[in-house]
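A.B. asks: need coordinates for the below:
(2 chains)
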Protein chains: 2
Amino acid sequence: MMQEMTRLGEQAKAAARTLGKSPPRAKTNALDCLAELLARREADVIAANRGDVEAARSAGLDKPRLDRLTLTPAILEEMRASCRHVAQLPDPVGVTESQWQRPNGLLVGRMRVPLGVIAIIYEARPNVTIDAAILCLKAGNAVILRGGSEALRSNMALAGLLGEALTRAGLPAGAAQLVPTTDRAAVTALCKLDQYIDVIIPRGGEGLVRAVTEAAVMPVLKHFRGVCHAYIDADADMAEALEIVFNGKVQRPGVCNALECLLVHQDIAARFLPLAAGKLGGARVEFRACPRSLPLLGPTAKAQEAQDLGQEFHDLILAVRVVDGLDAALDHIARYGSNHTEIVCTTNLDTARRFLREADASMVAVNASSRFNDGGQLGLGAEIGISTSKLHAYGPMGVQELTATKFVVIGQGQVRE
Amino acid sequence: MMQEMTRLGEQAKAAARTLGKSPPRAKTNALDCLAELLARREADVIAANRGDVEAARSAGLDKPRLDRLTLTPAILEEMRASCRHVAQLPDPVGVTESQWQRPNGLLVGRMRVPLGVIAIIYEARPNVTIDAAILCLKAGNAVILRGGSEALRSNMALAGLLGEALTRAGLPAGAAQLVPTTDRAAVTALCKLDQYIDVIIPRGGEGLVRAVTEAAVMPVLKHFRGVCHAYIDADADMAEALEIVFNGKVQRPGVCNALECLLVHQDIAARFLPLAAGKLGGARVEFRACPRSLPLLGPTAKAQEAQDLGQEFHDLILAVRVVDGLDAALDHIARYGSNHTEIVCTTNLDTARRFLREADASMVAVNASSRFNDGGQLGLGAEIGISTSKLHAYGPMGVQELTATKFVVIGQGQVRE
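C.D. replies: I've put the predicted structure just below:
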């Protein structure tokens, strides 16, 4: 296995060198061509996916995972739209972002460069194969894709189209390679190949992320849990805060930027919580309430247990806690938050300023929904995941976060004294 | 040991939270106060260091390492100057670097934030204790210092001053802690504490860097070897190129940005190499020459062996190779370079443009010495090391590279549709 993965790594590294110096046009052409192929070969892809889905159903895969495994014409249309969208994003590579002059006349600049070779380990979601590959390619990186084993047939079909699109655009097919096996030893082998792979991105459950982090010798870009809080200040606009909390909890409770815990200032709790109980209760949200909030949330609220704090429910459940004020809210977030998304509802400038500065999360917001922590929503174009570690990137990672900068120096014969 | 390191980690994490929200003035005061203490307690520090040096000499430590271990009044004056210099650098924390507006009116910005807790593992060089700590503190990070065992007495004395300076400035002493033991198990324990430590920086030999990289579960900022090339193009200004090569090889051959290999275009080799032999030979540089360059470098040049390419000599030795042109030079660098520093001497715009774009190194330069790859020389103010990995940072890491950015969103009640 090590030998097979080494060969993949060598091909990726060679392809990365070619890709890194390719003109923007070649990458744009490859992505546009991929969109065309996804249309022309739709029947083949759907057929391959049907094989995966039938095998997974026979093996007893649960309904949510079967849903994520299944490709439909609508999902393929979304994949094509992503290709065309990412193709049109500005090409980051080769741009010198800032330049300054040293006292000796040297011009020093920072030029964007690709990271090199990116390996992505993900679950049985074949749309990720395309979404992840096109972002990596746009940023000039070669990519090694390792999807969940249930999706192997679908991924082989999609990887075939990726290779064809690259070749037609005059780029090396080695720039996007699928690991053609479901053997778990492949992941372990990839984690050791730091002479070929510059960064590894695990996308999936905490177990997968933890296993890759422990095995990998190259940098890991990871995203753990999203335990997101909303703090409703005494000076909040209550109607606005209610919409923001409703949106954060109800619009899509299964995702990482959904709200998990509501912190309410003691001076506003008696007015705000009954309104929240009415609006969110109407959407079947279950409250896990602290002793101070329990009497304010109506008869269906449950008393909070210790494990309800810092919990990612992934469901229509919301922990609620009344706090003495901003300091107590920030202490709670420092203890139970997951560095993902934290929001405050307030009309008070000093409260907003302190919360935005002191809450430690990849996105902090005042008077806006937690659901905006997303590369598309924040204007990055697209994203490959949300980093909750501060190293390399913090927050949604778009095309730019898949690059680095090198120092470029232009001299006229300067030497060091 | 795990228990002791966990306690250090807890204290560092708590201190990081306080430090991260401290006003710039408190950090400036701490660094200025440290400079004062380094003057007032100079005799104590020198006495502690004398104990280390005598013990190391008895134990038979070699001369270069004894030199690096020894503190003199001149080195202490340099440490004080560093404190005052870093104190005066702009404070990066809390600055929103860019801001844009989304179609729905959300204001999205990126605010600089500290990384959190940084652990630094380094060799027996007590000046690093101060240089590393002050950069981390300036960027708002708590730091855990683990220096080489031979320097423990010196480091204890310096860490005492760090703690005193922090306390006097109203900051938590836990923001800069020394691991108070020479037990190697401490390093292994630190590598596992990712719930407290955000990043680990090994500074030292390849063995140390490799061991930390393999053991660490948090991100590692590392700097491996510097195998730096100069490519002398057919269109080079020969007199200028000669000075640049001389400076790169001779000024300080033991450092990572010294030149190790000279690549010369075949059309200029017969004129350039005899001049290089005269000028560098006069400084006792030994040439390891390829078959085409050997006859041009005079009688003392040695025939090159395979291991001379890609070698970091750390000495007055230079590998020399005649190449057919730019493509061959770039191929050589892709194969033997170490992503550290690569330079080209040319007056041809297209050659310069291609080299700067295609050579993959943390600093690429045209017509300037490789010795400029240094945080101070490039204008970063100071540096904590030079990253040759592209993840988090690539090249010299100054105060800004010890921070991250978080997304800051200012809304007026926006929710996601």
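
A.B. asks: gap between stretch A:72-85 and the chain center?
C.D. replies: 18 Å (Cα atoms, centre = their mean, to the nearest Å).

A.B. asks: going along the chain, name the helices of the stretch 251-400 of chain A.
C.D. replies: All helices of the stretch 251-400 of chain A, identified by DSSP state H, counting those that start in this stretch, fall at A:266-281, A:326-336, A:349-358, A:375-378.

A.B. asks: let me have the ones you listed in CSV, adding mean pLDDT and distance to A:E36 as columns.
C.D. replies: Using the backbone N, CA and C atoms, a C-beta is placed for each residue, glycine as well. Shown next, in CSV, are the helices of the stretch 251-400 of chain A (pLDDT from 0 to 100; distance: least, Cβ to Cβ, whole Å):
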stretch, mean pLDDT, distance to A:E36
helix A:266-281, 98, 46
helix A:326-336, 97, 47
helix A:349-358, 96, 45
helix A:375-378, 93, 23
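
A.B. asks: which of those sits closest to B:I197?
C.D. replies: For the helices of the stretch 251-400 of chain A, the distance to B:I197 is smallest for helix A:326-336, at 16.4 Å, taking Cβ to Cβ.

A.B. asks: what's the closest one packed up against?
C.D. replies: Helix A:326-336 makes packing contacts with strand A:228-232, strand A:259-265, strand A:317-323, helix A:349-358 when contacts are defined by 3 or more Cβ pairs under 8 Å, 6 or more residues apart in numbering or on different chains; DSSP states H and E.

A.B. asks: and A:G205, its phi and psi?
C.D. replies: Main-chain dihedrals, A:G205, degrees, to the nearest 10: phi -70, psi 170.

A.B. asks: surely it is in contact with A:E123?
C.D. replies: Yes - A:G205 lies in contact with A:E123 (Cβ atoms under 8 Å); the separation is 7.5 Å.

A.B. asks: quick one, which of the two is more surrounded?
C.D. replies: A:E123 (18 against 11; other Cβ atoms under 10 Å in any protein chain shown).

A.B. asks: so who does the more buried one touch?
C.D. replies: By Cβ atoms under 8 Å, 6 or more residues apart in numbering or on different chains, the contact set of A:E123 is A:65, A:68, A:147-148, A:203-205, A:208.

A.B. asks: filter the residues you listed down to just the buried residues.
C.D. replies: Among these, those classed as buried by neighbour count (16 or more other Cβ atoms under 10 Å in any protein chain shown) are A:68, A:147-148, A:203-204, A:208.

A.B. asks: format the residues you listed as JSON lines; extra columns: secondary structure and distance to B:T347.
C.D. replies: Output for the buried ones among the contacts of A:E123, formatted as JSON lines (DSSP: H, G, I helix; E, B strand; the rest coil; distance: Cβ to Cβ, whole Å):
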{"residue": "A:R68", "secondary structure": "helix", "distance to B:T347": "58"}
{"residue": "A:G147", "secondary structure": "coil", "distance to B:T347": "51"}
{"residue": "A:G148", "secondary structure": "coil", "distance to B:T347": "55"}
{"residue": "A:R203", "secondary structure": "strand", "distance to B:T347": "48"}
{"residue": "A:G204", "secondary structure": "coil", "distance to B:T347": "53"}
{"residue": "A:L208", "secondary structure": "helix", "distance to B:T347": "53"}
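
A.B. asks: ok, those vs chain B, which is closest?
C.D. replies: A:L208 (14.7 Å; Cβ to the nearest Cβ).

A.B. asks: can you read off the pLDDT for that closest one?
C.D. replies: On the pLDDT scale, A:L208 is placed at 89.

A.B. asks: avg pLDDT for stretch A:65-78?
C.D. replies: Mean predicted confidence for stretch A:65-78 is 95.

A.B. asks: C-alpha coordinates for it, PDB please?
C.D. replies: Provided in PDB are the C-alpha atoms of stretch A:65-78 (Å, rounded to 0.1, in the frame of the first residue of the first chain):
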ATOM      1  CA  ARG A  65     -26.000   8.600   5.000                       C
ATOM      2  CA  LEU A  66     -27.900   7.100   2.100                       C
ATOM      3  CA  ASP A  67     -29.200  10.600   1.300                       C
ATOM      4  CA  ARG A  68     -25.700  12.000   1.300                       C
ATOM      5  CA  LEU A  69     -24.500   9.200  -0.900                       C
ATOM      6  CA  THR A  70     -27.200   9.600  -3.500                       C
ATOM      7  CA  LEU A  71     -26.600  11.700  -6.600                       C
ATOM      8  CA  THR A  72     -29.600  13.200  -8.400                       C
ATOM      9  CA  PRO A  73     -29.800  15.300 -11.600                       C
ATOM     10  CA  ALA A  74     -30.400  18.300  -9.300                       C
ATOM     11  CA  ILE A  75     -27.100  17.600  -7.400                       C
ATOM     12  CA  LEU A  76     -25.200  17.200 -10.700                       C
ATOM     13  CA  GLU A  77     -26.600  20.500 -11.800                       C
ATOM     14  CA  GLU A  78     -25.300  22.100  -8.600                       C
END
